[in-house]
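1. quick one, structure for this:
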Amino acid sequence: MMRKMRSLRRRVREVGPAGVWLLVKAFFLMLIARIALRSIPVKRIIAWKQRPLRGFECAQPALRCAQVRWAVLVAARYSPIDFVCFPQCLAAAELLGGAGIPSRLHYGVTREGAKLMTHTWLEAKGEIVIGGEVAEAYSTLDIY
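-> Coordinates of the predicted model:
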């Protein structure tokens, strides 16, 4: 635990105030997404995700996608709360949408023995931002 905290402190010093703010936003958006997934029908959450983007477009979308990926993955890793793929994707979609970058949420399924396993991953600008590590093992059911 102490090693994790030292590592987090080092990362915070490296990224500066803007990076820390992005980490904080990523954490709280994942927390809101996790609560929403337990209390709001998924159709309403998806409708929220599909709302029109805000007015401006990011000047460096590839850089912003990398920053959002980093923030969501670091916030999820160091969080005392377990955030699975869906809250991570929803948080990343909101962070990207705030920068005027459209994204697509993929919902997939695979079979492990007798069990069906689901997974979500987020794509923006033709690249997978979150959840791509295992996406190939899943058959896409829908894209939002």
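2. give me the nearest residue to residue 105, chain neighbours excluded.
-> Computed as C-beta to C-beta, 6 or more residues apart in numbering, the closest residue to residue 105 that is not its neighbour in sequence is residue 144, at 4.5 Å. (Each C-beta comes from the backbone N, C-alpha and C, glycine too.)
3. report all helices and strands that the helix or strand harbouring residue 44 contacts.
-> Assigned by DSSP states H and E, residue 44 belongs to helix 42-49. Helix 42-49 is packed against helix 2-39, helix 85-98, with contacts defined by 3 or more C-beta pairs under 8 Å, 6 or more residues apart in numbering; DSSP states H and E.
4. hey, C-alpha coordinates of the shortest one in CSV?
-> The reference is to helix 85-98. Output for helix 85-98, consisting of C-alpha atoms alone and laid out as CSV, is shown next (Å, rounded to 0.1, in the frame of the first residue of the first chain):
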residue,chain,number,x,y,z
CYS,A,85,-15.0,-1.2,-17.8
PHE,A,86,-18.4,0.4,-18.1
PRO,A,87,-17.9,3.3,-15.6
GLN,A,88,-14.4,3.8,-17.0
CYS,A,89,-15.9,4.1,-20.6
LEU,A,90,-18.6,6.5,-19.5
ALA,A,91,-16.2,8.7,-17.6
ALA,A,92,-13.8,8.8,-20.6
ALA,A,93,-16.7,9.6,-23.0
GLU,A,94,-17.7,12.5,-20.8
LEU,A,95,-14.1,13.8,-20.6
LEU,A,96,-13.7,13.5,-24.4
GLY,A,97,-17.1,15.0,-25.1
GLY,A,98,-16.1,18.0,-23.0
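5. just to revisit the earlier point, test my guess that the residue nearest to residue 105 contacts residue 46.
-> Yes: using C-beta atoms under 8 Å as the test, residue 144 is close enough to residue 46 to be in contact (4.9 Å).
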